[in-house]
Structure formats: C-alpha cells, structure tokens
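What would the 3D arrangement of this be:
(chains A and B)
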Amino acid sequence: MDVRDDAPIDFGGGLLGFASSTSYVVVEIEDDDYYFWLQSVEEPEVAFLATVPWDFFPDYEIDVPDVVQEELGLDDPADSEIFLLLSVQLEGDQPVGITANLLGPIVVNKNLKRARQIVLDGARYSTQEPLVMS
Amino acid sequence: MLVLSRKPNQSIVISADIIVTVIEIKGDQVRLGIKAPRSVTVHREEVAAEIVKANQAAAAMGASLPPLPRPTPRPPT
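Have a look, this model is predicted:
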C-alpha cells in the first residue's frame, strides 16, 4: 500500500453520485493494516471506508477497460492498485456486518495519483459482498 | 426531455459523435447499437444506479465502526 502518503489522488469526474468530490487523500487507520479511509479533499463530510480486495477475496478478477487504462496512464500493471468501498450494515443503530462493493471497484495509478471507479460487466459480482469475520 | 420515434435501422445522433441505432425490436425488447468515442462511458441505467446507491450507503455510515473483520488466513500453498 505505498499509495498511502499525503498527495491527493485525482478521481477525474468523481465517484458515481459524488461528482463534486474529485480529489481524495488516503487516511490510515491507526494499528490497522487492512482498512483505511478515502477522505474527500473538497467535502470534509465525505469519506469512505476502504480496503484492498486480495486478502478478503483472493479470487477477485477485474478487467480494466483500455480507455480507463489510458486515462490513468496505466502502462504497467505494477503501477495499479485496487480499492473497494465498504459499507457497514446496520440493524437499527447497531452495526451487524460489513460489505464490500465488488461491482464498482476503484482503479488507482499509485505513481501518477489518478483513480477511477469502474463498473464491471455482468452479474458476477455484487455491490454488497459480506466481509467474513474470521 | 426529447421524445422521438425511430424504426429498426434508424439512428439518432448526439452531439455529432455519438450515434444510437435501433438494431432490432422484438416483443418488449429493443436492441440498441451505440457508437461513441472511447472516452464516453455507457452503462445500463440500473447498473449505474446500483453503484450510486452503494456509494451513498458507503458514505453514509459516520464515524462509529463495528469491529472490522480480519481476512481468513489463506491455506499454505
């Protein structure tokens, strides 16, 4: 996770539904190697809990469209990083679980600090895949 | 909103470089062909709406986090 430094990441047109936040910084969670916050630079109230997929979903496969690779300047797959946005599931006020959006992952060029949320084709992945408590 | 009628094999042009063609009409389904610059993203509306909904759910959770799951250790390979 060497994308975690202070430089903001340019999200182009923003996340779907959050067009007015186009720049995010990665904020680490103390003593936590798996989770971090994506904090909007423009809108302090907008932040997303996020993780990288592979520890939780080792078989996850994503095909980054050519046009997105070009926009991000991703010539080398080694420059890429994938983030998943997480949601806390509530029953009343009580958090009961946490899910990851596998259908709409975020592709990052960690060198150029550019990112896009992409939408994967087909019905293979869901927007609410549970993270399993081990 | 603009409403117009098209027959199979007829098209509409959007800002000169996006062409939407009716390829086939069968029962209650219309098959469309979309020719657009590669920089234009095209999604079925319900899929895009699902991602918007998921993003809003992800953003709306505030500061209190439940215990966060740890990944299941992978079997040794």
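
Next, the buried residues of stretch A:10-29.
A:10-11, A:14-18, A:21-26 (16 or more other Cβ atoms under 10 Å in any protein chain shown). (C-beta placed from N, C-alpha, C; glycine too.)

Let's see which of these end up in strands.
A:Asp10, A:Ser23, A:Tyr24, A:Val25, A:Val26 (DSSP state E).

tell me the SS of the residue lying closest to B:Ser39 once chain neighbours are set aside?
Excluding its sequence neighbours, the residue lying closest to B:Ser39 (Cβ to Cβ, 6 or more residues apart in numbering or on different chains) is A:Val67, at 6.2 Å. Put simply, A:Val67 is helix when judged by DSSP: H, G, I helix; E, B strand; the rest coil.

looking at it, A:Val67 is touching B:Val42, isn't it?
No - judged on Cβ atoms under 8 Å, A:Val67 makes no contact with B:Val42 at a distance of 11.1 Å.

Who has more neighbours out of those two?
Each of A:Val67 and B:Val42 has its neighbours counted (other Cβ atoms under 10 Å in any protein chain shown); A:Val67 has more, 15 against 10.

remind me which residues of chain A are low pLDDT?
Counting by pLDDT under 70, the ranges of chain A that qualify are A:1-5, A:133-134.

interface residues of it facing chain B?
A:15-18, A:32, A:34-35, A:46-49, A:55-56, A:58, A:66-67, A:70-71, A:85-88, A:90, A:95-98, A:101, A:103-104, A:117, A:119, A:127-128, A:131-134 (Cβ under 8 Å from any Cβ of the partner chain).

Now a ChimeraX select for only the buried ones of those.
Selection of the buried residues among these in ChimeraX, burial being defined by 16+ other Cβ under 10 Å:
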select /A:15,16,17,18,35,46,47,48,49,56,71,85,86,87,88,95,97,98,101,103,104,117,119,127,128,131
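
what about the strands in chain A?
Using DSSP E, strands in chain A cover A:9-10, A:23-28, A:35-40, A:47-51, A:80-91, A:94-100, A:106-109, A:114-117, A:129-130.

what angle sits between the longest one and strand A:35-40?
Okay, so that is strand A:80-91. Here strand A:80-91 points in a direction 100 degrees away from that of strand A:35-40 (axes from the mean of the first three to the mean of the last three Cα atoms, to 10 degrees).
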